[in-house]
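Student: dropping a prediction and its sequence here:
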Amino acid sequence: MTKVSVVLYYWILVAAALLFARTAGLADNNSAIIKILIVITILYVGVVMISLSLGKNRAKEYGNNRNSGQSKRAGNGQAAASQKKRKK
């Protein structure tokens, strides 16, 4: 997720939550709206932080697996290519 998408999704979430709160009758006064915004912000920041940390962990694991596999394959591939050149 890029920074732009995080901000965009946040404002979409805020608009949707406030619309839902107005329709459900939960946002009757200003203090209720502020409480809803605080709860939404805390939840969204938590979800974004968790998803970013999981994404970094997956990228590390993918990078480690990819690098270890490439070094083995690259050696075999180079040896096979040099053998083909020798046969010609």
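Tutor: Thanks, I have it.

Student: what about Val14, how many residues close to it?
Tutor: 15 (other C-beta atoms under 10 Å). For glycine as for every other residue, the C-beta is placed from the backbone atoms N, C-alpha and C.

Student: again with Thr2
Tutor: 7.

Student: same check, this time on Val45
Tutor: Neighbour count for Val45, taken as other C-beta under 10 Å: 12.

Student: that one: which element?
Tutor: Using DSSP states H and E, Val45 maps to helix 30-87.

Student: what about that helix, average pLDDT?
Tutor: In this model, helix 30-87 has an average pLDDT of 77.

Student: same thing with stretch 7-16?
Tutor: pLDDT averaged over stretch 7-16 gives 96.

Student: got a list of contacts for that stretch?
Tutor: Leu37, Ile40, Thr41, Tyr44 (C-beta atoms under 8 Å, 6 or more residues apart in numbering).

Student: right, and Val48 touches Lys3 too?
Tutor: No: with contact defined as C-beta atoms under 8 Å, Val48 does not reach Lys3; the gap is 10.4 Å.

Student: who has more neighbours, the two?
Tutor: Val48 (14 against 7).
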